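>>> build the 3D model from these lines:
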Amino acid sequence: MRKIIIVDDEPMITNTLSTLIELMLDYTVYTFNSPADVLSSAVVKDEHIDLIISDFIMPGMNGLELLSAIKALQPHIVTILLTGYSDKESAIRSINDLGLYYYLEKPWDNNELIKIIQNGIEKTELETALHQKITVIEKKNQEISRLYELLRRDFNREMDNVLELVLSLSNVIEAKDQYTDGHTRRVADLAIALAKRLKLSEAQIRNIEIGAIIHDIGKVATPEVILNKPGKLTYDEFEIMKEHSEAGAHIIMPISTLSDCVPIVRSHHEKLDGSGYPYGIKGDEINIETRIVAISDIFDALYTDRPYREAMPFEDIKAILDHDADSGKLDLTILKILYDLHREGVIDAIYMGSEDIYRA
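Just a heads-up that it's a prediction; the model follows:
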């Protein structure tokens, strides 16, 4: 049950507020009529208190001083100050200085007070849940870093073929993410076909292939409940999902032979107009290899079944890609080659598993 403290030097006010809150919210309410009694109470020292409401003007210590002292003992407590009109300016300043959640002028409206309390508690719950998620992610990242360091030492001793390492890393994701199964290989095959039509060098094509295969490696740090969620992600879930680009770059950065693939892994969700993530880079800051992999990634996401929808027809996909190109998000030259590949049957060959048509 939620626990609230009310402090006011007038017993009538503490009794009134206590009765109101217990009736309307069914919270446990502790009342005090002096700041000294609060600070010496075992309630503050030994119990988790969710929210405190304090009067401003009280003998011995004002409300701001009391809330500051309470905040030092219970950093996550929600603080509300009851003020008179003449104290309004001090209360406003304390919002930044103390981290005051809200100030309420006397006389207050009971319905407004109840809503403020509910919102304050909800804010704390959301912050706590987010902190817990971050803690879980940090622990997973630490474990991943430890395991990766062990793997890196083993691979550095025996690695004769970089592609073998890349395929191993890719398999980690495909084992965790239902959607990723086969996704990275298709993205790589399509990206290779685009790169060859653009007459890129062999080194660039190899970087594109490797970068495409491991572009989602950072998803090892993403909770499976988010990766495989059948419906639309919430804002917080999407923010966590977006971290995979930077996480992937950090994973492969220590491997010198993969240094040219770092921009692909980190920036495959960036857009030419700067609207992408993680850094919002744009234009020439996004190299041709990354642009190719980005378009291949988007196309495969639309052209195949996802947990929340079926694969889309090519014409619908083309409309989406054209709109993004017209908006300055995608490279129109690469898109035109993509459409040529579809018209010539190359894309169908890729998705049917035949590679001879473009690898010759």
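
>>> rest of the way, CA atoms for contacts and neighbours
Noted.

>>> mean confidence for stretch 253-265?
The average of the pLDDT scores along stretch 253-265 is 89.

>>> equivalent analysis for stretch 238-247, please.
Computed over stretch 238-247, the mean pLDDT rounds to 92.

>>> could you do stretch 293-307 as well?
For stretch 293-307, mean pLDDT rounds to 90.

>>> what helix or strand is residue 335 on?
Per DSSP states H and E: residue 335 is located in helix 332-343.

>>> number of residues surrounding residue 202?
11 (other C-alpha atoms under 10 Å).

>>> now do residue 66
For residue 66, the number of neighbouring residues by other C-alpha under 10 Å comes to 22.

>>> kindly provide the distance from the spatially closest residue to it that is not a sequence neighbour to residue 106.
Take residue 66 and drop its neighbours on the chain: the residue closest to it by C-alpha to C-alpha, 6 or more residues apart in numbering is residue 35, 6.2 Å away. For residue 35, the distance to residue 106 equals 19 Å [C-alpha to C-alpha, to the nearest Å].

>>> pick out whichever of these two has more residues nearby.
Each of residue 35 and residue 106 has its neighbours counted (other C-alpha under 10 Å); residue 35 has more, 25 against 11.

>>> residues contacting that one?
7, 58, 60-63, 66 (C-alpha atoms under 8 Å, 6 or more residues apart in numbering).

>>> which among those residues count as buried?
Among the contacts of residue 35, those scoring as buried are 7, 58, 63, 66 (criterion: 16 or more other C-alpha atoms under 10 Å).

>>> okay, and which of the residues you listed map to helices?
Of the buried ones among the contacts of residue 35, the ones assigned to helices by DSSP state H are 63, 66.

>>> so how many other residues sit close to residue 319?
Residue 319 is flanked by 11 other residues according to other C-alpha under 10 Å.

>>> in what helix or strand does it lie?
Per DSSP H and E: residue 319 is located in helix 314-326.

>>> which other helices and strands does that helix contact?
Helix 314-326 sits against helix 288-303, helix 332-343, with contacts defined as 3 or more C-alpha pairs under 8 Å, 6 or more residues apart in numbering; DSSP states H and E.

>>> pull out the buried residues from the longest one.
By neighbour count on 16+ other C-alpha under 10 Å, the buried set for helix 288-303 is 288-297, 299-303.

>>> next, the angle from that helix to helix 314-326.
Relative orientation of helix 288-303 versus helix 314-326 (axes from the mean of the first three to the mean of the last three C-alpha atoms, to 10 degrees): 140 degrees.

>>> ok, and what's touching helix 288-303?
The contact list for helix 288-303, computed with C-alpha under 8 Å, 6+ apart, reads 183, 186-188, 190-191, 194-195, 204-205, 207-208, 211-212, 263-264, 267-270, 311-314, 317, 330-331, 334-335.

>>> ditto for the shortest one
Defining contact as C-alpha under 8 Å, 6+ apart, one finds that helix 332-343 is touched by 194, 197, 292, 295, 321-322, 325, 347-348.

>>> what do you get for stretch 53-69?
Stretch 53-69 is contacted by residues 4-9, 34-36, 39, 52, 79-84, 87, 94, 98 when judged by C-alpha under 8 Å, 6+ apart.
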